[in-house]
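Undergrad: What follows is a predicted structure for the sequence shown.
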There are 2 protein chains.
Amino acid sequence: MADDELNVAAASPSKSQRAYHWIKERIAGQDFTPGYRLVLRTIAEELGMSVVPVREAIRRLEAEGLVTFQRNVGAQVSMVDDTRYRASMQALSVLESAATALAAGHHTAEDLRHARQTNERMIETLSDFDPSTFTRLNQEFHAALYRRCPNARLLELVESEWARLAHLRESTFSFVPGRARQSVREHEHLLQLVEAGAPPAEIEKASRHHRSATLDAYLVHEHPDETLGLTAV
Amino acid sequence: MADDELNVAAASPSKSQRAYHWIKERIAGQDFTPGYRLVLRTIAEELGMSVVPVREAIRRLEAEGLVTFQRNVGAQVSMVDDTRYRASMQALSVLESAATALAAGHHTAEDLRHARQTNERMIETLSDFDPSTFTRLNQEFHAALYRRCPNARLLELVESEWARLAHLRESTFSFVPGRARQSVREHEHLLQLVEAGAPPAEIEKASRHHRSATLDAYLVHEHPDETLGLTAV
DNA sequence: GTATCCAATATCGTATATTATTGGGCCGAC
DNA sequence: GTCGGCCCAATAATATACGATATTGGATAC
């Protein structure tokens, strides 16, 4: 996504790209929920283009895992069962924790201020229970911490994994109201580590622990060795 | 890749998929080196199909990062500068180390035997200096250790990252002959940890250390905090 | 000799048309 | 009444065609 903007600047994005972003938005915005069938001609007509660019867009989304293709049948928004969801969360944990650890030392004062402010807004949101806003702020908080990671590839992977989980966002926190309160406390801890200039290893450990706790909060792990923690217990 | 086979069984893969695999093979096999320009019509003619399926294949490869598209100009095999190479290696380190750690306890005796045998064949190869074979065996050794990772998503990401680095394989070890000898020693150590049923955290640490040492061997790091090690120093 | 502009060409981007495949409904046989 | 095969509608997969855009090489002016 960042690529596109860099490559072609503002020079009229191709139809294929417009279709890509349009569909992606729709998936992220829960208009197209998992299992929704993406009919090429329908989408093409809606966007006022032919099916070819739409096919390309869907192919790209397929490669990113948001869409599943079935030969001669069509495309649909990827179904996500419990196993896949956990797998993606674990992958995100591994990737984002590493990115956050590597970002340490590259943050500006503004970054940290923004992170803190975001977390404080999350605390405010706790009373009027609004999962949607809370989730958005949560994503923003995490992004503030990993964004300065100097490894561009890791950043790409983290963003991609977030997108993969995007169409499940709503459900992430709505199940466990009590968990939200603990989550912001963990954010506070993580933020303090970063501010204090803690060693990357420690930051990574804390980040993984946070993710692990989040997932554990509403999923029973039948295989304890598959825990998100890895190095973090 | 594994998906395809599962989905459509042996039912005549689509032209688009044939093109995808064909191009990917060519890139992995160094027929198409970084910077090589992929002309749609040329490839289409060579494969006896029209340009549309080829476009789709290239789009998919673009999403995977093997190919770079430039609007109204065309596609070329991705150029990889030093920064990107290091970034990918670091991402691979993070992903594969996690996968390997999670695979612990899921290995069969056969898996470990195969890994050991592969490493022994690497030792034999040390005398007759053959980077190509050595690299292939190296990849096989690592695959044997992470393959049983129960997290399918992590596996996908690891494989994808390997593919991304595939067209640079030859260069990976050819620069530092002396490094190869140390590499097999580290393999031995890693293998012993796995066999002894060491805790995942320890395996992950060792795996990262191995990657870190490999990269350090021939790259000068201007930013020490970007080291591959993270938790492993 | 070098820089700039323009035209020719190669190649892409998209639309339209054609073919192939699938899935469901209908009908007949048992 | 149910099972199995056949036919048709919907849709994807591919081919072809045309318009749009960037790159090039050469000619001209300085």
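TA: Yes, it's here.
Undergrad: Can you show me the CA trace of the helix ranked longest in chain A as CSV?
TA: When chain A is parsed with DSSP state H, its longest helix is helix A:82-103. Provided in CSV are the C-alpha atoms of helix A:82-103 (Å, rounded to 0.1, in the frame of the first residue of the first chain):
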residue,chain,number,x,y,z
ASP,A,82,-10.5,-20.5,15.1
THR,A,83,-7.3,-22.2,14.2
ARG,A,84,-6.5,-19.7,11.4
TYR,A,85,-7.3,-16.8,13.6
ARG,A,86,-5.0,-18.0,16.4
ALA,A,87,-2.3,-18.7,13.8
SER,A,88,-2.5,-15.2,12.4
MET,A,89,-2.5,-13.6,15.9
GLN,A,90,0.6,-15.6,16.8
ALA,A,91,2.3,-14.6,13.6
LEU,A,92,1.4,-11.0,14.3
SER,A,93,2.7,-11.3,17.8
VAL,A,94,6.1,-12.6,16.5
LEU,A,95,6.3,-9.9,13.8
GLU,A,96,5.1,-6.9,15.7
SER,A,97,7.1,-7.7,18.8
ALA,A,98,10.2,-7.8,16.8
ALA,A,99,9.3,-4.6,14.9
THR,A,100,8.5,-2.8,18.2
ALA,A,101,11.8,-4.0,19.7
LEU,A,102,13.7,-2.8,16.7
ALA,A,103,11.9,0.5,16.7
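Undergrad: Helix B:82-103 and that one, what's the angle between them?
TA: Angle, helix A:82-103 to helix B:82-103, by axes from the mean of the first three to the mean of the last three CA atoms, to 10 degrees: 130 degrees.
Undergrad: What parts of chain A come near DNA strand C?
TA: Residues of chain A lying close to DNA strand C (CB under 7 Å from any atom of the strand) are A:14-16, A:44, A:48-53, A:56, A:70-73. For the C-beta atoms, the positions are set from N, CA and C on the backbone; glycine is no exception.
Undergrad: swap the cut-off to 6 Å and go again
TA: Where chain A comes near DNA strand C, counting by CB under 6 Å from any atom of the strand, the residues are A:14-16, A:49-53, A:72-73.
Undergrad: Of those, which is the most crowded?
TA: Compared across the residues of chain A next to DNA strand C, residue A:16 has the highest neighbour count, 21 neighbours, by other CB atoms under 10 Å in any protein chain shown.
Undergrad: ok, and the closest residue to it other than its chain neighbours, which helix or strand is that part of?
TA: Leaving aside its chain neighbours, residue A:16 sits nearest to residue A:53 (4.0 Å; criterion: CB to CB, 6 or more residues apart in numbering or on different chains). Following DSSP states H and E, one finds residue A:53 within helix A:51-64.
Undergrad: Quick check: buried residues in that helix?
TA: A:51-64 (16 or more other CB atoms under 10 Å in any protein chain shown).
Undergrad: show me what contacts the residue most central in space within chain A?
TA: Closest residue to the average C-alpha location of chain A: residue A:162 at 1.6 Å, with CA atoms, centre = their mean. Taking CB atoms under 8 Å, 6 or more residues apart in numbering or on different chains, we find residue A:162 in contact with A:92, A:139.
Undergrad: any idea how far residue A:17 lies from residue B:29?
TA: Using CB to CB, to the nearest Å, residue A:17 is found at 31 Å from residue B:29.
Undergrad: okay, these two: which has more neighbours?
TA: residue A:17 (19 against 10).
Undergrad: Can you give me the buried ones in the helix or strand harbouring the more buried one?
TA: Residue A:17 belongs to helix A:15-28 when assigned by DSSP H and E. Using 16+ other CB under 10 Å as the test for burial, helix A:15-28 gives A:15-20, A:23-24, A:26-27.
Undergrad: So what's the gap between the helix or strand following that helix and the chain middle?
TA: Next helix or strand after helix A:15-28 toward the C-terminus (DSSP H and E): strand A:37-38. Distance, stretch centre to chain centre, for strand A:37-38: 22 Å (CA atoms, centre = their mean, to the nearest Å).
Undergrad: what are the ranges of the helices in chain A?
TA: Residue ranges of the helices in chain A, as given by DSSP H, are A:2-8, A:15-28, A:40-47, A:51-64, A:82-103, A:109-127, A:131-146, A:152-166, A:169-174, A:177-195, A:200-216.
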